[in-house]
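Trainee: sequence and predicted structure below; questions after.
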Amino acid sequence: QVQLVESGGGLVQAGGSLRLSCAASGRTFTRYDMGWFRQAPGQEREFVARISWNGDSTYYGDSAKGRFTISRDNAKSMVYLQMNSLKPEDTAVYYCAADSRRGVFATSPVEYEYWGQGTQVTVSS
C-alpha cells in the first residue's frame, strides 16, 4: 500500500495562491495515478484534479479549470496542486488520493484506494 501526507494548506486572501504538496511513501509511486479532492463542511467530497502515473495526462474538475495545476515529481514521490486566483468558495479540506488503475479518468472518490489526512485551505474575502 501507499501512505500519503498532504501539506501546504493555510489561510490566504481571495486572489492569492497556494501550492499544496503530497508526499507518498510505501509502494512504488509510479504504480499510481494521483488525484486531488476537496471537501467543504456539509458537502460531498469533490474531484479537483488527476494526473497520470507518468505525468503525461491531467484532468480537472470544472471548479479547477484555468486556475489550478496538478503536477508530480516521480523521483521525489511527490504530487502538487498549484492553486491560483483563489476564491472564498475554494475553502475546504484538500485531500491527496492514489488510484492503482493507471490511465483511467476517475472522478469519484470511491475509485481511489488510498487517501491522505487532508490539509485545510481557507480563502478569506
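Mentor: Ah, there it is.
Trainee: show me the beta-bridge partners of the most centrally placed residue in the chain.
Mentor: Computing the C-alpha centroid of the chain and ranking residues by C-alpha atoms, centre = their mean puts Trp36 first, at 2.1 Å. In this structure, Trp36 bridges to Ala49, Cys96 when assessed by DSSP bridges.
Trainee: just checking, it touches Leu81?
Mentor: Yes - with contact defined as C-beta atoms under 8 Å, Trp36 counts as touching Leu81 (4.8 Å). In this view, the C-beta of every residue, glycine as well, is placed from N, C-alpha and C.
Trainee: for burial, what's the neighbour tally of Cys22?
Mentor: Neighbour count for Cys22, taken as other C-beta atoms under 10 Å: 25.
Trainee: cool, and the one 10 residues further on?
Mentor: Applying other C-beta under 10 Å, we find 26 residues neighbouring Tyr32.
Trainee: how far away is it from Asp90?
Mentor: Noted for Tyr32: a distance of 25 Å to Asp90, by C-beta to C-beta, to the nearest Å.
Trainee: cool, and Ser108?
Mentor: Applying C-beta to C-beta to Ser108 and Asp90 gives a distance of 21 Å.
Trainee: looking at these two, which is more packed in?
Mentor: For Ser108 versus Asp90, neighbours defined as other C-beta under 10 Å are more numerous around Asp90 (22 against 9).
Trainee: residues in a beta bridge with the closest residue in space to the more buried one that isn't next to it in sequence, which ones?
Mentor: With sequence-adjacent residues excluded and distances taken as C-beta to C-beta, 6 or more residues apart in numbering, Asp90 is closest to Val123, at 5.1 Å. Val123 forms beta bridges with Val12, as assigned by DSSP bridges.
Trainee: isn't Val123 up against Ser85?
Mentor: No - counting by C-beta under 8 Å, Val123 does not reach Ser85; the two are 10.2 Å apart.
Trainee: between the two, which has more neighbouring residues?
Mentor: Under the criterion of other C-beta under 10 Å, the comparison of Val123 against Ser85 puts Val123 first, with 20 against 12.
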